[in-house]
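> quick one: sequence plus predicted model below, questions after.
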Amino acid sequence: MTKLTALLALALAVPAARADEGMWTFDGFPKERVAKAYGLTPSDAWLDHVRLSSARLAQGCSASFVSPDGLVMTNHHCAHSCIEQLSTTKKDFVKNGFLARTLADEVKCPALEVNQLVGITDVTAKVNEATKGLDGKAFHEAKRAATARLEAECQTSDALRCEVVPLFGGGRYDLYRYRRMQDVRLVFAPELAIADFGGDPDNFMFPRFDLDLAFLRVYEGGRPARLDHWLRWSPAGAKEGELTFVSGNPGSTARQLTVAQLEYERDFALPERLIELAEYRGLLTEYRRRGAEEARHSSDQLLYTENSFKARNGRFDALRDLVFFGGKADAERDFRARLLAKDPARSKEVEAAYTAIAGAQDVMRTLRVPYRWIEQRKGFDGKLFGYAREVVRGAEERTKPSEARLEEFRDSAVPQLTQQLFSTAPVHRELEILRLTHGLTKLREKLGADHPLVRRVLGKRSPEEVATAAVKGTKLADVAFRKQLWQGGKPAVAAAMKDPMVALAALVEPDARAVRTRHDDEVEAVERKGGEVIARARFDLDGASTYPDATFTPRLSYGQVKGWVEDDGRRVAPFTTFAGAFERNTGKDPFALPASWLASRPRLDLETPLNFVTTNDIIGGNSGSPVVNARAEVVGLIFDGNLQSLAGDYGFDERVNRAVAVDSRAIMEALSRIYGADRIVRELRPPAHAGAGRPGAAAR
């Protein structure tokens, strides 16, 4: 790790992006920089086509359209919740895979939403005018009202989703307009054994041998959605040294945070979250040992927990490295010194912003426990309490104008919220009891047995007794009951107080709102206001020569297929093959290939590339992103990064940071020779004259 962090520290001293670094907005893509590095210039038409061919899974992943009939490609782990929710004891699609052999066999996912970015508008001036001269609570309320109005004006129907996106720490605001598609159906998923081959030991590692793949389809009006833009398939796949682009939705990065904010992450947020995840992983592991059914319906929880633990541990290691953290501190000092030398008056304003942000971290240190365990409801874990919170809080919020509501209850957010609330996904009550019991136990531990809320919630009962009574006694597992409460508003919720889960949420709500208000006014508002001041000063000093931090919005990165050299001098080749997967097979989980692969081995071309790595700059949220070549053809599917990429939250080093993808040739080999998915193969390779869907190559 020392070589990585030393290189990152060096990179951080330079304000502009270097080498293949950058998660660029589509309207700010550095075409000249790509031309200089690779001799190719993406045209505006090429960029528009790739953007419109890309998709976002609103629940937290990326995807792409790969046929004119709404076929969507993403990762298995991105569709895992749908696959599990559609499974039963008798039909375990997670374990055995799923293939819809006809259109009629495609099954609707209970809660997936697909978004396509169709427009970007700069609304910075409007937001700035609304918040001019304001601080603290007044700033927060004015910004919330302004963004809600802009979103409401944009979102003229539920078929649209509009979001005001802060960029460069609030130095710029864009209004993103998405086409919203909520009828999403499962088409294909391989067995978990190959989608997650190697399991947690191989996670964030390379070489890899995964077919982390799923196909979905978006429908409109009960029929497959018709698309004007989709990505063609590359029969040749990727080649070493080839220019590659990754179009996806990186979740969040912290490359522009102040040192004070990074210190809070290092000293409080990350270590506490790691302990929390480790405890929950142990809890789930024990639960899964109860039986096959328990293991089946908790698999997504375990995958998420293990992935989160490893990712956060990598970030924690980066921030604890003295060389790396020193580089961040040096970069901040350099900016402040250059600003002071050039514009002393502006420097005074920026120094005040740094001081205010540092003060907000002091507030967060005292607020973090109640915020995490009450407002973020980790002390009240589980689906059922989540439903209860939404109907109780929603009943109050929806009496207000949209611009005065909490963000998650604005009119623009309601379609996704209700899709989740009215989901037909099954509720497993024993798992719910386990989660709520654990949450209440930790709540008492974190806040203390004498905390007023703990005493009100538990009384003379144990956490398990409260959890069992609430889970077994509630009717919230019934979609019709949830709809009744949501549609009935405050009168319906007031009449439902005999339901123990609804009553529990109502009991917690005053404390949760109080801590939410303090957080929003004394931490979030201060960070955003201070971040805007710093960001604007950076613009004036350095120009818009870099990219904004990730915001789970569409971004495009560029790079090349390329291995790397480890600290010990070992060269890591950029490709793995099917042969390597069979060599790695032990027959024991997590290195056990599924029976379908073992049976198909004689007819496979074992030299077919399976996974590969590129220098594209990605982060969590990019899972499911397509890797395309200069002709906008699919050559791969992002599903992971290497171990060094875990420091990517805070910096990027092209020498060792790598994105990991499934090769397009592997997908075709598996579909045709293992799974017999000929219908999908034909759809991915239509006749050359069929449809538009092709913008031509980027210009040389």
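Here it is on my side, so go on. Because the structure is a prediction, the values reported are computed rather than measured.

> helices of the stretch 401-550 of the chain, start to end?
414-421, 429-447, 452-458, 463-473, 479-495, 500-519, 525-542 (DSSP state H, counting those that start in this stretch).

> any idea which of the ones you listed scores lowest on pLDDT?
Mean pLDDT across those is lowest at helix 525-542; the value there is a mean of 91.

> list the buried ones in it?
Neighbour counts using 16 or more other Cβ atoms under 10 Å place 525-538 of helix 525-542 among the buried residues. Placement of C-beta: from N, CA and C, glycine included.

> what about the residue found closest to Glu532 once you drop the neighbours it is linked to in the chain, distance to Pro554?
Once flanking residues are discounted, Glu532 sits nearest to Gly170: 3.5 Å by Cβ to Cβ, 6 or more residues apart in numbering. Distance of Gly170 to Pro554, computed by Cβ to Cβ, to the nearest Å: 19 Å.

> again, but for Gly359
Between Gly359 and Pro554 the computed distance is 34 Å (Cβ to Cβ).

> of the two, which one has the most company?
For Gly359 versus Pro554, neighbours defined as other Cβ atoms under 10 Å are more numerous around Pro554 (25 against 15).

> next up, the contacts around the more buried one.
Residues touching Pro554, when contacts are defined by Cβ atoms under 8 Å, 6 or more residues apart in numbering, comprise 25-26, 51, 54, 56, 117, 176, 247-249.

> ok, and the most crowded of those?
Neighbour counts for those (other Cβ under 10 Å) peak at Gly248, which has 31 neighbours.

> what's the distance between the residue nearest to that residue when sequence neighbours are not counted and Tyr387?
Leaving aside its sequence neighbours, Gly248 sits nearest to Ser625 (Cβ to Cβ, 6+ apart; 2.9 Å). Between Ser625 and Tyr387 the distance is 31 Å, computed by Cβ to Cβ.

> and stretch 109-121, what's buried?
Applying a neighbour-count criterion of 16+ other Cβ under 10 Å, the buried positions in stretch 109-121 are 109-117, 120.

> is it possible to get JSON lines of the buried residues of helix 525-542 that adds distance to Asp334?
Supplementary listing: the buried residues of helix 525-542 in JSON lines, determined by distance: Cβ to Cβ, whole Å:
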{"residue": "Ala525", "distance to Asp334": "28"}
{"residue": "Val526", "distance to Asp334": "24"}
{"residue": "Glu527", "distance to Asp334": "22"}
{"residue": "Arg528", "distance to Asp334": "24"}
{"residue": "Lys529", "distance to Asp334": "23"}
{"residue": "Gly530", "distance to Asp334": "19"}
{"residue": "Gly531", "distance to Asp334": "18"}
{"residue": "Glu532", "distance to Asp334": "21"}
{"residue": "Val533", "distance to Asp334": "18"}
{"residue": "Ile534", "distance to Asp334": "14"}
{"residue": "Ala535", "distance to Asp334": "16"}
{"residue": "Arg536", "distance to Asp334": "18"}
{"residue": "Ala537", "distance to Asp334": "13"}
{"residue": "Arg538", "distance to Asp334": "12"}
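
> which outside residues touch stretch 355-362?
Taking contacts as Cβ under 8 Å, 6+ apart, the residues outside stretch 355-362 that touch it are 258, 260-261, 263-264, 522-523, 526-527, 529-531.

> and the furthest pair within those residues?
Considering Cβ to Cβ, no two members of these lie farther apart than Glu263 and Lys529, which are separated by 19.7 Å.

> would you map the strands across the stretch 301-450 of the chain?
When secondary structure is read from DSSP state E, counting those that start in this stretch, the stretch 301-450 of the chain shows no strands.

> low-confidence ranges, it, go.
Along the stretch 301-450 of the chain, no part satisfies pLDDT under 70.

> what bridges to Trp24?
When assigned by DSSP bridges, Trp24 has beta-bridge partners Leu556.

> number of nearby residues for it?
Each residue near Trp24 was counted by other Cβ under 10 Å, and the total is 22.

> that one reaches Ala550, doesn't it?
No: with contact taken as Cβ atoms under 8 Å, Trp24 and Ala550 are classed as non-touching, separated by 10.7 Å.

> who are the contact partners of the nearest residue to Thr437 once chain neighbours are set aside?
Distance criterion Cβ to Cβ, 6+ apart; nearest residue to Thr437, sequence neighbours excluded, is Ala467 at 4.1 Å. Residues touching Ala467, when contacts are defined by Cβ under 8 Å, 6+ apart, comprise 432-433, 436-437, 439-440.

> perfect, that will be all.
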